[in-house]
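Enquirer: got a sequence here, can you build the structure:
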Amino acid sequence: MFQNLLYTFLIAISISACNQSSDFSDVPELTFISMTKDSLNQGINSDTLFVTLGFTDGDGDISISKNNPDKLNLEVIDLRTGNVSDNFLIPEIPVSGAANGVSGEMTIKMLNTCCIFPEMDSIPPCSVTPLYPDNQLVWQYTLTDDAGNVSNSVTTKPISLKCR
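Expert: Numbering: from 1, shown residues only. This is a model prediction of the structure:
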């Protein structure tokens, strides 16, 4: 086994690649490991936290491929709305052969977002109101490999999004 550290704009990945693919399923698997804090201030790109996820993939095809070099394959959903809030491209993972399984951790820099309010109150997103001092934010992650296999979904712990 070897370890390597790869960086992109928003993802750092620590990789262990194994010579035996039988250790893991060819369908990627994610696990939630940690996040650096449990609150964010609302706004656009003014606060951040880091989420660390574990991953495994039996055939090692979760990163950039020659077939799909621009494929964004890590999807993030804001569970307050059910909408995709971000997508990331897993950087190239060096493996010594196509049948190598991979496992490791990825740390994702997540930018903050705006508070949202019930439609009946007609308060625009990102507003400051004493009616709603905070939102509870949870992000859900899924990973799609190059063969189209979709991982399980994992979520962060609840994040207190400060609306002030």
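Enquirer: contacts and neighbour counts: CA atoms only from here.
Expert: OK.
Enquirer: what about Met106, distance to Ile62?
Expert: In this view, Met106 and Ile62 are 12 Å apart by C-alpha to C-alpha, to the nearest Å.
Enquirer: which phi and psi values does the spatially most central residue of the chain adopt?
Expert: The chain has Tyr141 as the residue nearest its centroid, 4.9 Å off, counting by C-alpha atoms, centre = their mean. With angles defined as degrees, to the nearest 10, Tyr141 sits at phi -120, psi 140.
Enquirer: is it in a bridge, and if so with what?
Expert: Under DSSP bridges, the beta-bridge partners of Tyr141 are Val76, Val154.
Enquirer: ok, Met106 and Ile62, which is more surrounded?
Expert: Higher neighbour count among Met106 and Ile62: Ile62, with 28 against 24, using other C-alpha atoms under 10 Å.
Enquirer: pretty sure the more buried one sits against Asp145.
Expert: Yes: using C-alpha atoms under 8 Å, Ile62 is in contact with Asp145, at 4.3 Å.
Enquirer: can you list residues touching both of these two?
Expert: 28, 73 (C-alpha atoms under 8 Å, 6 or more residues apart in numbering).
Enquirer: what's near enough to touch Asn152?
Expert: Shown in contact with Asn152 (C-alpha under 8 Å, 6+ apart): 28-30, 142-143.
Enquirer: the closest residue to Asp38 other than its chain neighbours: neighbour count?
Expert: Take Asp38 and drop its neighbours on the chain: the residue closest to it by C-alpha to C-alpha, 6 or more residues apart in numbering is Ile159, 4.8 Å away. Ile159 has 18 neighbouring residues, counting by other C-alpha under 10 Å.
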